[in-house]
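Engineer: 3D model of this:
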Amino acid sequence: MTFDQIIGQAATKQHLLDELRQGRVAHALMLHGPEGCGALPLAVAYAQMLLGEGSMVEKLQHPDLHFVFPIYKKTSGKDSYCDDFLAEWREQLLSRPYFGMPEWMNMSGAENQQLMIYANESEAILRKLSLKASQGGYKVMIIWLPEKMNTECANKLLKLLEEPPAQTVFLLVSEQPDRVLQTIRSRTQMIAVPRLAEEEVEQALVEHYSILPAEAHRIARSCAGNMAQAIRIITSNTEGEYFFELFVELMRLAYARKVKEMKMWSDRVAGMGRERIKAFLEYCQRMIRENFIYNFGRQEDLNYMSEQESQFAVRFAPFINERNVIGIMQELSLAQRDVGQNASPKIVFFDFALKMIVLIKNR
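Structural biologist: Predicted structure coming up:
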């Protein structure tokens with residue numbers, strides 16, 4: 001992977017190139033930005049520049065290139081390590097470098113399990129970095145989503161960052177840097193990677209995925225600079241359609257005050273698994289926001305909905321207004337927080353569904 005293959009991010013590319021050319025390679029960088037901005041492809045491309053050319057580098061099999069990423073335990077009661085998932089990880093990076101947790105869960109076979117970086121992974125990190133570089137140059141450790149690190153593992157990483165092994169470069173890639181230990185953040189050079197511009201996503205869809213310009217424009221507008229989301233839309237609309245159906249069902253049940261059916265709806269959503277639940281809650285927030293904006297007209301300029309969503313908005317949008325939009329968004333945010341803190345999804349969703357009965361009527 002080269003910088004030429006990465007969408008946009010000209011300023012970040014230039015900064016990294018300048019650091020390398022001037023011999024000012026930092027021992028620890030944290031590239032942080034929202035999903036789909038290209039922070040991980042940037043880290044991989046930079047690592048390959050540090051390690052030099054060759055087929056091993058291109059295939060991500062260089063002996064001095066190491067990866068750490070969230071995983072699950074394949075066997076209950078038995079430790080699992082990132083190396084157990086290395087074949088799947090390389091396949092994911094090489095086949096689709098713009099991805100998020102949903103794609104990685106699917107590639108790794110996680111199903112509904114919650115992924116994290118376990119405490120025992122620190123042992124593997126220490127072992128790998130204690131060895132001399134096999135090629136006599138840099139050793140590079142790429143850590144994707146350090147915010148998913150177990151506290152014990154994070155503390156051991158901190159010690160490595162305080163006293164880094166010679167010729168070792170840590171490249172941390174975070175989507176939520178505020179959830180990474182502050183002491184770790186303070187020992188890295190922080191580089192913010194912004195969302196992609198709508199035009200950059202649109203151009204990439206046309207040039208690299210052969211999407212017709214009009215369709216590429218619509219997709220680019222709807223994904224808010226998230227290339228991973230844009231690829232999701234063009235590869236499969238199944239997830240988005242399912243989320244739409246769940247959203248519509250809840251709003252209709254709340255309006256009709258069908259509590260029994262709402263309980264059944266809550267149980268069904270709770271069974272999707274935490275990562276899909278988080279994605280669904282983000283979808284709900286987007287739909288509430290878009291329907292509120294729909295009331296102001298100028299849909300072509302302001303709205304980012306699919307044709308199906310726009311058709312639903314014709315009748316639904318008037319129910320989202322100044323009197324309830326803040327309350328609904330707050331309840332969705334609280335649901336996101338509670339699910340993220342391992343609260344029971346069944347309880348969280350049924351509580352939210354009941355509150356929607358009151359909020360949706362407040363028009």
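Engineer: show me the shaky parts of the protein.
Structural biologist: Low-confidence regions of the chain, defined here as pLDDT under 70, cover residues 236-239, 298-303, 362-363.
Engineer: quick one, strands of it?
Structural biologist: Assigned strands in the chain, in chain order: 28-32, 65-68, 139-144, 168-174, 189-192 (criterion: DSSP state E).
Engineer: tell me which strands and helices the third one is in contact with?
Structural biologist: Using 3 or more CB pairs under 8 Å, 6 or more residues apart in numbering; DSSP states H and E as the contact criterion, the neighbours of strand 139-144 among helices and strands are helix 39-51, strand 65-68, helix 121-130, strand 168-174. Heads up, the C-betas are built off the backbone N, CA and C, glycines and all.
Engineer: show me the contact partners of it.
Structural biologist: The contact list for strand 139-144 (CB atoms under 8 Å, 6 or more residues apart in numbering) reads 40, 43-44, 47, 50-51, 64-70, 117, 125, 128-129, 133, 149, 157, 165, 167-173.
Engineer: then the fourth one?
Structural biologist: When contacts are taken as CB under 8 Å, 6+ apart, the neighbours of strand 168-174 outside the stretch itself are 25-32, 39-40, 43, 46-47, 50, 129, 138-147, 160-161, 164, 180, 184, 188.
Engineer: show me what contacts the closest residue in space to residue 202 that isn't next to it in sequence?
Structural biologist: Closest residue in space to residue 202, ignoring its immediate chain neighbours: residue 220 at 3.8 Å, by CB to CB, 6 or more residues apart in numbering. Contacts of residue 220 were listed using CB under 8 Å, 6+ apart, and they are 198-199, 201-202, 205, 230.
Engineer: ok, residue 100 touching residue 39?
Structural biologist: No - using CB atoms under 8 Å as the test, residue 100 is too far from residue 39 to be in contact (11.4 Å).
Engineer: looking at these two, which one has more neighbours?
Structural biologist: When residue 100 is set against residue 39 and neighbours are counted by other CB atoms under 10 Å, the residue ahead is residue 39, at 26 against 21.
Engineer: surely the more buried one touches residue 33?
Structural biologist: Yes - with contact taken as CB under 8 Å, residue 39 and residue 33 are classed as touching, separated by 4.8 Å.
Engineer: give me the contacts around the helix ranked longest in the chain.
Structural biologist: Among all segments of the chain classified by DSSP state H, the helix with the greatest residue count is helix 274-294. Under the contact criterion CB under 8 Å, 6+ apart, helix 274-294 has outside partners 101-102, 105, 112, 114-115, 239-240, 243-244, 246-247, 269-270, 272, 302-305, 309-310, 313, 316-317, 319-321, 325, 328-329, 332-333, 335-336, 339-340, 345.
Engineer: and what of stretch 58-66?
Structural biologist: Taking contacts as CB under 8 Å, 6+ apart, the residues outside stretch 58-66 that touch it are 1, 44, 47-48, 51, 54, 56-57, 67, 90, 93-94, 125, 128-129, 133-135, 137-142.
Engineer: hang on, the earlier thing: quick one: the residue nearest to residue 202 and residue 194, what's the gap?
Structural biologist: Counting by CB to CB, to the nearest Å, the gap from residue 220 to residue 194 is 15 Å.
Engineer: kindly report the same for residue 360.
Structural biologist: If you go by CB to CB, the gap between residue 360 and residue 194 works out to 36 Å.
Engineer: and these two? Which one has more around it.
Structural biologist: Here residue 360 and residue 194 are set side by side on neighbour count (other CB under 10 Å), and the busier one is residue 360, at 20 against 15.
Engineer: show me the contacts for the more buried one.
Structural biologist: With CB under 8 Å, 6+ apart as the criterion, the residues that contact residue 360 are 251, 254-255, 319, 324.
Engineer: filter those to the buried ones?
Structural biologist: Among these, those buried by neighbour count (16 or more other CB atoms under 10 Å) are 251, 254, 319, 324.
Engineer: tell me if I'm right that the last one and residue 355 touch.
Structural biologist: No - Residue 324 is beyond contact range of residue 355, at 10.5 Å (criterion: CB under 8 Å).
Engineer: list the contacts of the residue lying closest to residue 270 once chain neighbours are set aside.
Structural biologist: Closest residue in space to residue 270, ignoring its immediate chain neighbours: residue 345 at 3.7 Å, by CB to CB, 6+ apart. Taking CB under 8 Å, 6+ apart as the definition of contact, the neighbours of residue 345 are 269-270, 274, 277, 339.
Engineer: distance of residue 260 from residue 267?
Structural biologist: 11 Å.
Engineer: what sits in contact with each of residue 39 and residue 33?
Structural biologist: By the contact definition CB under 8 Å, 6+ apart, residue 39 and residue 33 are jointly contacted by 175, 193.
Engineer: I'd like to know which of the helices and strands packed on strand 139-144 is closest to residue 81.
Structural biologist: Counting by CB to CB, residue 81 lies closest to helix 121-130 out of the helices and strands packed on strand 139-144; the figure is 5.2 Å.
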